[in-house]
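1. Build me a model:
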Amino acid sequence: MRVSKLGHAVLKVRSLAVSVPFYRDVLGLTEVARHGGRMVFFSCGENHHDLALLEIGEQAAAPFERQVGLYHLAFKVGDSLDELRACRDNLAAHGVELDGQSDHRVSQSLYCHDPDGIMIELYVDADPALWRDDPGAVAHIGALKL
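-> All right, here's what the predicted structure looks like:
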């Protein structure tokens, strides 16, 4: 068996009323369906759905830093640093604080958190030859100045 790609992710969130506007209005994902009042499905545009949110209730505990599970979810926002700057400006316009930015050599990234504390990476890719010629380049983390 060989997996060919990651198809979608489902995140557990406290409130759809709070989380849907973040993923739809801030990140720009397209809402494609709802199910049973507890799930919302989103597409990035080329797949039937790329992300779903499952509401589990306001009493749900926040993610702990030192627990097994999802570290972050990454969304590609373009192919240029200008597009990454526009992403940064969009986050600021929506009152979303940046938690960091990094140059990974193979990509450049901004980091923030969704309303439930799940880390979100927003990135642009660098030239694919960088990782094709040197697969180890993916492990690089350096400072990024926008």
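2. starting at the chain centroid, how far to stretch 72-81?
-> Relative to the chain's own centre, stretch 72-81 is displaced by 8 Å; criterion: Cα atoms, centre = their mean, to the nearest Å.
3. Give me the buried positions along that stretch.
-> Neighbour-count burial for stretch 72-81 flags F75, V77 (criterion: 16 or more other Cβ atoms under 10 Å). C-betas here are computed from N, CA, C, even on glycine.
4. Would you mind pulling the contact partners of it?
-> 9, 11, 27, 44, 51, 83-84, 86-87, 108-109, 111, 118-125, 146 (Cβ atoms under 8 Å, 6 or more residues apart in numbering).
5. now stretch 131-138
-> Residues contacting stretch 131-138 (Cβ under 8 Å, 6+ apart): H104, R105, V106, L130.
6. before we move on, what about stretch 52-65?
-> For stretch 52-65, the external contacting residues (Cβ under 8 Å, 6+ apart) are 8-16, 19-20, 23, 37-42, 69-70, 116-118.
7. I'd like to know which of the contacts of stretch 131-138 are part of helices.
-> L130 (DSSP state H).
8. Max pairwise distance over the contacts of stretch 131-138: which two?
-> Of all pairs drawn from the contacts of stretch 131-138, the one with the longest distance (Cβ to Cβ) is H104 and L130, at 9.8 Å.
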